[in-house]
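J.: Requesting a structural model of the entry that follows:
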Amino acid sequence: MIGDINPDWTGGVFNSFKYKNLVFSFLIDIQKGGELFSLDTWYGYATGLYDFTAGSNDLGNPVRNDVTNGADSGGVILPGVNADGSVNSTRNYVGYYANGWGYVRSPNAAHVYDAGFVKLREASLTYDFGNKVLDKLPFTHASVSIIGRNLWIIEKDVPYADPEAGLGAGNIQGYQSGSYPAVKEIGASIKLQF
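T.: Numbering: from 1, shown residues only. Just a heads-up that it's a prediction; the model follows:
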């Protein structure tokens, strides 16, 4: 076992502010603890999918160039030591699945992340129509709202993905694969009471 999806605790903060006919409210969701295994980084680091697997190396050459001993050598030197205790000086080819970040050489634990997060789950701005407007209409109450959901992941540990994006349920919890960026929802609401 390399992770436990169960959080230490979950919580939230809700608040609402009113000024004249305007009401602003928000909900912040918090999850502390839990772990997940990211198959996305497991494959992605190996295949050169992510941003840090591109760019220039310490020699000023593209990291995706072939690994040679010449001045045009690509790849990267990963920090660490060799089995004999000497500092690692071997270049790793980034575009090859067996590079030092990939699933062939990297331990599974390197792709286990804290599943905790802090999110602005919802925010809304509501305008309540006053009596002057309602006296001319057949309603006892009327309001219009703009509502946003999943607006901002304030804090997280999982790279490149929403910690809540995962695969399946039941016994497959804590396993992230094929996740896409968090989806923000913005909508409107009109409430009319007779």
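J.: where do the strands sit along the chain?
T.: Remark: strands assigned in the chain by DSSP state E are 9-19, 22-32, 35-38, 76-77, 91-92, 112-114, 117-128, 141-156, 175-176, 185-193.
J.: Could you report the pLDDT at the residue lying closest to residue 61 once chain neighbours are set aside?
T.: Using Cβ to Cβ, 6 or more residues apart in numbering and skipping residues adjacent in sequence, the residue nearest residue 61 is residue 74, 5.3 Å away. From N, CA and C alone the C-beta is placed, and that goes for glycine too. Looking at residue 74, its pLDDT is 83.
J.: do the same with the one 10 residues further on
T.: pLDDT, the model's per-residue confidence, is 90 for residue 84.
J.: what's near enough to touch it?
T.: Residue 84 makes no contacts at all, as judged by Cβ atoms under 8 Å, 6 or more residues apart in numbering.
J.: Check what contacts stretch 177-194 and list those residues.
T.: Residues contacting stretch 177-194 (Cβ under 8 Å, 6+ apart): 38-40, 138-151, 153, 161-162, 165-167.
J.: Relative to the whole chain's centre, how far out is that stretch?
T.: Distance, stretch centre to chain centre, for stretch 177-194: 18 Å (Cα atoms, centre = their mean, to the nearest Å).
J.: what does the helix ranked longest in the chain contact?
T.: Taking DSSP state H as the criterion, the chain has its longest helix at helix 39-47. Residues outside helix 39-47 that contact it (Cβ under 8 Å, 6+ apart): 49-50, 53, 95, 97-99, 101-104, 106, 108, 111, 159-161, 167, 175-179.
J.: rerun at 7 Å
T.: The contact list for helix 39-47, computed with Cβ atoms under 7 Å, 6 or more residues apart in numbering, reads 50, 53, 97, 99, 101-103, 106, 111, 159-161, 175-177, 179.
J.: Low-confidence ranges, this protein, go.
T.: Residue ranges of the chain with pLDDT under 70: 1-3, 69, 95-98, 167-170.
J.: picking that back up, from the contacts of stretch 177-194, which would you call buried?
T.: For these, a burial check counting by 16 or more other Cβ atoms under 10 Å picks out 38-40, 142-143, 145, 148-151, 153, 161-162, 165-166.
J.: what's the first-to-last distance across stretch 75-84?
T.: Taking Cα to Cα, to the nearest Å, stretch 75-84 runs 23 Å from one end to the other.
J.: Contact partners for the nearest residue to residue 155 once chain neighbours are set aside?
T.: Distances taken as Cβ to Cβ, 6+ apart place residue 118 nearest to residue 155, at 4.3 Å, with adjacent residues excluded. Taking Cβ under 7 Å, 6+ apart, we find residue 118 in contact with 28, 30, 154, 155.
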